[in-house]
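[1] give the three-dimensional model of this entry:
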Amino acid sequence: MKTFFTLLFSTIFSFSISVQTSLQGKVTAGDTGEELISANIVIKQNGVFVAGVSTDFNGNYRINLDAGTYDVEVSYLGYPNNLIQGVVVKPGLANILDIEMTEPEGVILDEIVVKEYKIPLIEVDNTTQGQTITAQNIQSLPTRNISALASTTAGLSQSDNGSSVIVRGSRSNTTDYYIDGVRVHGTGHMVPARNIAQIQVIQGGLPAQYGHPAEGEPGKVIIQRNTLDQNIHDPIIKDFSNEEYQKIIENDFISPGDEAFSTFSIDVDHASYSNLRRYINSSRTPPTDAIRIEEMINYFQYDYPQPETDVPFSINTEVGDCPWNKKNKLLHIGLKGQNLSLEGAAGNNLVFLIDVSGSMQSPNKLDLIKPALKLLIDQLRPEDQVAIVTYAGHAGLVLPSTSGSDKAAISNAISGLTAGGSTAGAQGIELAYQIAKDNFIETGNNRIILATDGDFNVGVSSYNDLLSLIEKKRKTEIYLTTLGFGYGNLKDNKLEVLADKGNGNYAYIDKFSEAEKVFVTELTGTLYTIAKDVKIQLVFDPKTVSAYRLIGYENRLLATEDFDDDTKDAGELGAGHTVTAIYELEMAGTQSEDLVNVKLRYKLPDEKQSRFTRKIAKNHQLSIEQTSENFRFSAAVAGFGLLLRNSKYKGDADCEMILDLAENAQGKDEFGYREEFIELVSIYRDLTTVSSK
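    The predicted model follows:
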């Protein structure tokens with residue numbers, strides 16, 4: 001039988017930013033027309049591998065390529081490979097290549113098992129298997145450490161330090177770990193147990209009845225994550241070349257004699273951390289300008305006390321040794337927003353503004369947005385309301401404002417979304433604000449939630465015009481939250497600033513479990529603002545501190561006079577959120593009981609005039625061992641940020657120091673976020689060790 005395919009070219013017009021040259025389309029079965037999920041597509045040029053990708057749940061694929069002529073080879077279980085030669089990719093276009101696969105004659109397959117990854121996950125037919133531990137088993141066990149979970153299998157034991165398992169018949173250093181079919185370095189701190197579907201332990205060598213295996217034969221611990229976390233990761237394509245980040249000029253040390261005041265806006269965003277996690281898990285070092293250390297620190301919640309006064313947040317300070325520079329001290333400042341229960345909270349007027357342009361055709365973009373927003377839908381109450389606006393070539397109202405009690409209607413509207421076309425982002429924002437205004441709740445939470453990769457290329461004459469539009473709209477008391485998705489085309493610089501100008505927050509969602517964090521674990525902080533325009537100003541005494549350096553917050557610095565200027569915009573604090581700032585201090589010869597005056601200004605959500613509060617940070621200097629878990633863990637995260645930025649101020653910081661700090665400050669860690677950080681540092685250590693050889 002012949003293999004049929006159609007090569008179509010379509011032009012997507014762009015007013016300000018040229019369209020990414022790409023090859024995309026759908027892979028289907030020629031006999032039935034069924035979309036083929038996880039078909040493998042390999043692009044070659046002159047016989048040399050160029051790129052590869054797998055089709056998503058709808059059989060679609062997309063690969064960014066330079067203009068030229070390529071050979072395209074498609075493979076799928078049960079079908080002969082399909083080689084299409086001489087495919088011409090024209091510049092500045094979304095080149096369409098739909099491919100039909102033909103089943104071979106005379107071949108009958110008893111069963112076809114389609115897996116999300118083309119590399120093996122759980123080895124269902126392995127005869128040397130020791131035991132498979134399911135998600136149900138995991139939930140019934142008290143531990144959340146992978147090594148401890150795996151060691152419940154007969155024939156296994158934990159190492160002396162508890163960080164790994166030793167499989168019977170294998171040497172202690174030859175136990176291999178696999179996550180979703182990919183061999184990884186590291187040990188038991190890999191994936192929080194809540195994200196695991198199964199753990200399979202395979203003893204080394206032959207089955208037990210044949211005696212012990214050959215010396216050195218490795219055992220295996222195979223970890224398979226929950227389906228939604230698996231499916232958004234493409235194991236081949238790792239093209240990050242078209243991403244954009246705002247330039248960061250690192251803060252220097254300042255003498256109080258030159259400038260006694262240090263003023264900045266709070267930042268509760270944490271997109272930088274989940275974004276750099278995506279890079280490291282893809283075996284890449286993140287760009288320097290993608291590292292915003294304050295967002296790394298603030299990704300984690302800290303055990304600060306609830307406020308005890310009418311100020312809606314508590315203020316906490318601590319001073320201790322600097323782990324990467326023994327001569328200096330760290331000043332730790334932590335705010336804790338007042339907790340708020342969703343039950344009894346004000347009604348929500350939400351507008352989902354969803355990018356459905358052509359750039360969103362990817363498993364980790366629109367196909368992740370859908371289940372992510374459905375998590376939020378599940379939390380809605382009858383007094384809440386949701387409208388859905390989409391934009392591609394133009395903006396449109398997909399769902400008028402609908403009660404949270406009608407979850408099926410909202411969910412069905414999201415399920416029906418498809419991607420294609422150019423990106424009229426400004427038009428979408430205009431319509432979303434209009435819908436939010438039409439359904440405004442006077443005493444409620446009025447918020448637009450924008451889900452996109454951030455590529456706005458149609459509708460405004462310049463990006464500055466878009467920012468001016470957002471600044472104008474924020475006066476209507478409608479907040480803007482931005483959610484970044486996907487890789488290869490992420491415009492992080494735009495999404496961060498849009499949220500800042502729109503009095504909202506910015507999160508990057510790289511996997512389903514991150515959506516759970518934003519829309520379930522930290523829902524009230526995501527939706528409800530308890531204090532806006534929050535500014536911090538520290539006043540240093542040159543007799544006590546000879547120099548100070550704010551770690552991070554480079555994009556949030558304010559002039560001294562901005563502190564008392566109520567027209568100057570600053571950050572918003574969500575219910576239950578924690579905000580942490582760290583200063584590195586060079587101490588002067590004269591010491592006093594009071595170290596620094598910490599002043600804050602903030603507005604309540606419905607007020608236009610700021611309120612003032614302050615706290616004197618006492619000069620009670622502690623050794624690193626005496627400091628709190630809050631202090632040590634946040635210092636570990638800050639130190640990792642300095643490493644990732646290759647900062648000139650990183651001092652003695654290295655991965656081992658960071659791991660030691662973090663492992664001894666893991667605390668309760670109910671959701672496994674700190675455990676995941678420890679594993680991320682371990683992966684980065686192994687990645688940089690290999691690359692340096």
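[2] any idea how far the residue nearest the centre of the chain is from residue 453?
    The centroid of the chain falls nearest to residue 274 when counting by CA atoms, centre = their mean (2.7 Å). The spacing between residue 274 and residue 453, counted by CB to CB, to the nearest Å, is 14 Å. For the C-beta atoms, the positions are set from N, CA and C on the backbone; glycine is no exception.
[3] could I get the full set of helices for the stretch 551-693 of the chain?
    629-644, 655-663, 673-691 (DSSP state H, counting those that start in this stretch).
[4] helices or strands up against the second one?
    Using 3 or more CB pairs under 8 Å, 6 or more residues apart in numbering; DSSP states H and E as the contact definition, the elements that helix 655-663 packs against are helix 629-644, helix 673-691.
[5] quick one: contacts for the residue lying closest to residue 540 once chain neighbours are set aside?
    Taking CB to CB, 6 or more residues apart in numbering, and ignoring the residues beside it in sequence, residue 540 has residue 256 as its nearest neighbour in space, at 4.0 Å. If you count contacts by CB atoms under 8 Å, 6 or more residues apart in numbering, residue 256 has them with 540-542, 545-548.
[6] lowest confidence element among the helices and strands of the chain?
    The least trusted helix or strand in the chain, going by mean pLDDT, DSSP states H and E, turns out to be strand 5-10, with a mean of 37.
[7] which SSE is immediately downstream of that one?
    Towards the C-terminus, the helix or strand next in line after strand 5-10, according to DSSP states H and E, is strand 22-29.
[8] what packs against that next one?
    Helices and strands touching strand 22-29, as assessed by 3+ CB pairs under 8 Å, 6+ apart, comprise strand 60-64, strand 68-76, strand 79-89, strand 94-101.
[9] chain center to it: distance?
    Centre-to-centre, strand 22-29 and its host chain are 28 Å apart (CA atoms, centre = their mean, to the nearest Å).
[10] list the contacts of the closest residue to residue 661 other than its chain neighbours.
    The spatially closest residue to residue 661, leaving aside those adjacent along the chain, is residue 636, at 3.8 Å (CB to CB, 6+ apart). Neighbour list for residue 636: 323, 658-659, 661-662, 665, 677 [criterion: CB under 8 Å, 6+ apart].
[11] how about 6 Å then?
    The neighbourhood of residue 636, defined by CB atoms under 6 Å, 6 or more residues apart in numbering, consists of 658, 661-662.
[12] outline the domain layout of this protein.
    By the assignment in automatic domain parsing, the chain contains the domains 5-101, 129-231, 261-271+279-334+530-542+559-691, 348-508.
[13] nearest to residue 249, out of those?
    With respect to residue 249, and counting by CB to CB, the nearest of those is domain 261-271+279-334+530-542+559-691 at 9.8 Å.
[14] mean confidence for that closest one?
    For domain 261-271+279-334+530-542+559-691, the mean pLDDT works out to 94.
[15] now do it: distance to the chain's middle.
    Computed by CA atoms, centre = their mean, the separation of domain 261-271+279-334+530-542+559-691 from the middle of its chain amounts to 19 Å.
[16] how about the secondary structure of residue 324?
    Here residue 324 is coil, with the state taken from DSSP: H, G, I helix; E, B strand; the rest coil.
[17] any idea how far it is from residue 547?
    Distance check for residue 324 against residue 547: by CB to CB, it reads 16 Å.
[18] ok, those two, which is more surrounded?
    When residue 324 and residue 547 are compared for neighbours, residue 324 comes out ahead with 23 against 19, by other CB atoms under 10 Å.
[19] how much space between that one and residue 316?
    Relative to residue 316, and taking CB to CB, residue 324 is found at 22 Å.
[20] what do you get for residue 616?
    Following CB to CB, the distance that separates residue 616 from residue 316 is 13 Å.
[21] looking at these two, which has the bigger crowd around it?
    Taking residue 616 and residue 316 together and counting by other CB under 10 Å, residue 316 has the greater number of neighbours (21 against 12).
[22] tell me the helices and strands packed up against the strand or helix carrying the more buried one.
    With the criterion set as DSSP H and E, the secondary-structure element containing residue 316 is strand 313-321. On a contact count with 3 or more CB pairs under 6 Å, 6 or more residues apart in numbering; DSSP states H and E, strand 313-321 meets strand 329-337.
[23] elements contacting the strand it packs on?
    Identification of packing neighbours for strand 329-337 by 3+ CB pairs under 6 Å, 6+ apart yields strand 313-321, strand 578-587.
[24] out of these, nearest to residue 74?
    strand 578-587 (49.0 Å).
[25] can you count the residues close to residue 488?
    Burial measure for residue 488: 22 neighbouring residues, criterion other CB under 10 Å.
[26] check which helix or strand covers it.
    With elements delineated by DSSP H and E, residue 488 resides in a region that no helix or strand encompasses.
[27] do you know how far the closest residue to residue 56 other than its chain neighbours is from residue 72?
    Nearest residue to residue 56, sequence neighbours excluded (CB to CB, 6+ apart): residue 363, at 4.3 Å. Counting by CB to CB, the gap from residue 363 to residue 72 is 20 Å.
[28] same thing with residue 646?
    The spacing between residue 646 and residue 72, counted by CB to CB, is 39 Å.
[29] mind listing what the residue nearest to residue 639 when sequence neighbours are not counted touches?
    Here the nearest residue to residue 639 in space, its sequence neighbours aside, is residue 653; by CB to CB, 6+ apart that works out to 4.4 Å. With contacts taken as CB under 6 Å, 6+ apart, residue 653 has the following neighbours: 324, 639, 642-643.
[30] between the residues you listed, which has the most around it?
    By neighbour count, taken as other CB under 10 Å, the most surrounded of these turns out to be residue 639 (27 neighbours).
[31] show the contacting residues for that residue.
    Under the contact definition (CB under 6 Å, 6+ apart), the residues listed for residue 639 are 324, 653, 658.
[32] one more time with 7 Å, if that's ok
    Neighbouring residues of residue 639 by CB atoms under 7 Å, 6 or more residues apart in numbering: 323-324, 653, 657-658.
[33] name the nearest of those residues relative to residue 442.
    Using CB to CB, residue 658 is the member of the contacts of residue 639 that lies nearest residue 442, at 48.2 Å.
[34] wait, doesn't the closest one sit right on residue 638?
    No: look at residue 658 against residue 638 with CB atoms under 7 Å: they stay out of range, at 9.4 Å.
[35] send me stretch 550-566 as PDB with only the CA atoms.
    Output of stretch 550-566 as PDB, limited to C-alpha atoms (Å, rounded to 0.1, in the frame of the first residue of the first chain):
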ATOM      1  CA  LEU A 550      20.600  42.800  48.800                       C
ATOM      2  CA  ILE A 551      20.700  39.300  47.200                       C
ATOM      3  CA  GLY A 552      18.300  39.400  44.300                       C
ATOM      4  CA  TYR A 553      15.400  41.800  43.800                       C
ATOM      5  CA  GLU A 554      17.400  43.600  41.100                       C
ATOM      6  CA  ASN A 555      14.200  44.200  39.100                       C
ATOM      7  CA  ARG A 556      12.300  45.400  42.200                       C
ATOM      8  CA  LEU A 557      14.700  48.200  43.400                       C
ATOM      9  CA  LEU A 558      13.100  51.500  44.300                       C
ATOM     10  CA  ALA A 559      14.500  55.000  44.800                       C
ATOM     11  CA  THR A 560      14.600  56.200  48.400                       C
ATOM     12  CA  GLU A 561      11.900  58.800  47.800                       C
ATOM     13  CA  ASP A 562       9.600  56.100  46.300                       C
ATOM     14  CA  PHE A 563       9.000  54.600  49.700                       C
ATOM     15  CA  ASP A 564       6.700  57.500  50.800                       C
ATOM     16  CA  ASP A 565       5.200  58.000  47.300                       C
ATOM     17  CA  ASP A 566       1.700  56.400  47.300                       C
END
